[in-house]
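1. Give me coordinates for this.
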Amino acid sequence: MPFYEEIRLYAIRLTDDSAWADDLVQETYLRFLQTKDDIQPNSWRAWLYRTARNLFIDQFRRQKRTQKIKNVIKTDLVPEMTQRRISQPHHALEQEESYGEVFDAVDLLPARQREVVLLKFQQGLSYDEISQITGDTKTTIGWLLHEAITKLRTKLNNNGEE
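-> Numbering: from 1, shown residues only. Below is the predicted model:
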């Protein structure tokens, strides 16, 4: 299936629950297979992200989950952090503390800003792809990213105090 691992990783980050993510991905690809012929091949990736996102939002609302939707950017950094710990043990603790500060700051961003930060910097998507997924204009995406980065910079420069 095209982009399967990428969409699965995105679903895991959205849900913070691998079983729920697997169900979400299964439903996404079921819908994809049912409508594949109506979708331009160059739009498959954005269609899959948008469908997974919409299914997540629908399920989240239906189940009225109270847990915070976490930004799990840190899951991709674990291998990098482990490698640094092995190659430079004297810097490992300091590096992990820095990552922790960034993750904590990202987790405090408003949901829309957190989402575009995840899609842009974690998933590496373009403004156009993020726009197709979220339904926001590219200008709005740029503004949300600008606001998020400004907030992160301020928070991190002030050691967590705003």
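2. list the buried ones in stretch 146-162?
-> A148, K151, L152, K155 (16 or more other CB atoms under 10 Å). Placement of C-beta: from N, CA and C, glycine included.
3. out of these, which are inside helices?
-> A148, K151, L152, K155 (DSSP state H).
4. so can I have a markdown table of the residues you listed showing pLDDT and distance to Y10?
-> A markdown table is the format used below for these (pLDDT from 0 to 100; distance: CB to CB, whole Å):
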| residue | pLDDT | distance to Y10 |
| --- | --- | --- |
| A148 | 90 | 18 |
| K151 | 89 | 23 |
| L152 | 85 | 21 |
| K155 | 83 | 25 |
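5. Can you pull the domain assignment for the chain?
-> Following automatic domain parsing, the chain resolves into domains at 4-63, 75-157.
6. Check the ones you listed for me: which has the lowest mean pLDDT.
-> For these, the weakest mean pLDDT is recorded on domain 75-157, namely a mean of 76.
7. before we move on, back to that, need the ones in helices among the buried residues of stretch 146-162 in TSV (columns: distance to D17).
-> What follows is these, written out as TSV (distance: CB to CB, whole Å):
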residue	distance to D17
A148	24
K151	27
L152	26
K155	27
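8. tell me which of those is nearest to F103?
-> L152 (10.7 Å; CB to CB).
9. The closest one reaches D107, doesn't it?
-> No. L152 lies out of contact with D107 (CB atoms under 8 Å); the separation is 10.9 Å.
10. what about the residue nearest to the spatial centre of the chain, which SS state?
-> By CA atoms, centre = their mean, the chain has its centre lying nearest to L118, at 3.4 Å. Classification of L118 using DSSP: H, G, I helix; E, B strand; the rest coil returns helix.
11. thinking it is in contact with R13, fair?
-> Yes. Contact criterion CB under 8 Å: L118 and R13 qualify, at 6.4 Å.
12. Could you measure from I130 over to Q123?
-> Remark: distance between I130 and Q123 (CB to CB, to the nearest Å) = 9 Å.
13. sorry, that was for V116
-> 10 Å.
14. Those two: which has the busier surroundings?
-> V116 (26 against 19; other CB atoms under 10 Å).
15. I'd guessed the more buried one sits against I141; true?
-> Yes. With contact defined as CB under 8 Å, V116 counts as touching I141 (5.7 Å).
16. Need the overlap of contacts for those two.
-> I130, T134 (CB atoms under 8 Å, 6 or more residues apart in numbering).
17. I am finished for the moment; much appreciated.
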